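Asker: requesting a structural model of the entry that follows:
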Amino acid sequence: QVQLVESGGELVQAGGSLRLSCAASGGTLGNYNMAWFRQAPGKQREFVVGISRTTDRLMYADSVKGRFTCSRDNAQTTMYLQMNSLKPEDTAVYYCAADSLRYSQFPSHYAYWGQGTQVTVSS
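Answerer: Prediction:
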C-alpha cells in the first residue's frame, strides 16, 4: 500500500506563495485518485483539489480556484500543490490523500493519508 508524506508548509505573509509536496512510497501515484485536503482549528476537513487517476482531470474547490494549482511529476512519485495569493483563511494543516477506487470531495472516500503539513498565513 502507498505511504504519503507531505512537506513544504511554513509561515508566510498574505499575498505570498508556497509549494507543498506529497511524496509517495510503496506505490505509484498514477494508480490512485489523489487529493489535497485541509483542516483549520475547530473546523472539518475541507477538500482543496483532486486529480483523477484515469483522466488526470482536476477538480478544485471554489475557494482556491485561480490561486492553487495541483500537479504530479513525470515519475508519478510526487504530487505538488502550488499556492499563490495566499490569504489568512488558507491557514490550516494540509493533507494529501489517495484512493485506488474512489474520486470525490469527501475525506471518508480516501483510504490513504499523509501526516499533514502546517501552513500559516499571516495578515
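Asker: leaving out the residues flanking it, which one is nearest to the residue most central in space within the chain?
Answerer: The geometric centre of the chain, computed from its C-alpha atoms, lies nearest to residue 36 (CA atoms, centre = their mean), at 2.2 Å. Leaving aside its sequence neighbours, residue 36 sits nearest to residue 48 (CB to CB, 6 or more residues apart in numbering; 4.2 Å). Where you see a C-beta, it was placed from the backbone N, CA and C, and this is true even at glycine.
Asker: a strand runs through that neighbour, doesn't it?
Answerer: Yes - using DSSP: H, G, I helix; E, B strand; the rest coil, the secondary structure at residue 48 is a strand.
Asker: quick check: it vs residue 118, distance?
Answerer: Distance, residue 48 to residue 118, by CB to CB, to the nearest Å: 15 Å.
Asker: kindly report the same for residue 5.
Answerer: The gap separating residue 5 from residue 118 is 14 Å, by CB to CB.
Asker: buried set for whatever helix or strand residue 22 lives in?
Answerer: Element membership of residue 22, judged by DSSP states H and E, is strand 18-25. Judged by neighbour count (16 or more other CB atoms under 10 Å), strand 18-25 contains these buried residues: 18, 20-24.
Asker: having no further points to raise, I will conclude here.
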